[in-house]
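K.L.:
Give me a 3D structure for the following:
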Amino acid sequence: MSGSRVPPPFSARTLEASLTPSHEARTLSMRLPWQELLAVEDAAKASGKTRSEWLREAVLAHLQKPIRSRKSSPDPMLLTELVGLRQLTLDLFSALASDKYSTQMVQEVAERVERMKEGKADEILRRLDGERVGK
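P.N.:
Reported below is the predicted structural model:
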């Protein structure tokens, strides 16, 4: 579901031409909380542009960005912890089923999971990134 936010008839040439106001321009108005309006004015001033120029360029830049996939990226730290908890649970159930359950064994399993969880989470994130790029 990737692609441009810009409809197909809106070509790069049209984008360039639209950066310059023309006699055919239409007005777009919006309401902003005063804090956001101040932020826009500060950003426009810092770039040496009028508020209208800055907003026009910001909107057009946003339209040129590809549409994000509906599949959102998981938080890497949260994913790492979830992978660790899942592995810990599986290993402890496995140990319970084989009657080799001891406090020392639980500690060893927890330490092993701690060492491997980041690698597993990184592997999952790379796979998800690959799926996103392929779409």
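K.L.:
OK, contacts around the residue most central in space within the chain?
P.N.:
Nearest to the geometric centre of the chain sits S73, at 5.7 Å (Cα atoms, centre = their mean). S73 is in contact with L125, L128, D129, counting by Cβ atoms under 8 Å, 6 or more residues apart in numbering. To be clear about C-beta, it is placed using only N, CA and C from the backbone, and glycine gets the same treatment.
K.L.:
Check the secondary structure at it for me.
P.N.:
coil (DSSP: H, G, I helix; E, B strand; the rest coil).
K.L.:
do you know how far it is from R126?
P.N.:
Distance of S73 to R126, given as Cβ to Cβ, to the nearest Å: 12 Å.
K.L.:
what do you get for T50?
P.N.:
Taken as Cβ to Cβ, the span from T50 to R126 is 44 Å.
K.L.:
likewise R31?
P.N.:
43 Å.
K.L.:
of the two, who's got more company?
P.N.:
Counted by other Cβ atoms under 10 Å, R31 and R126 do not tie: R126 has more neighbours, with 10 against 6.
K.L.:
Next one, pLDDT for that one please.
P.N.:
On the pLDDT scale, R126 is placed at 84.
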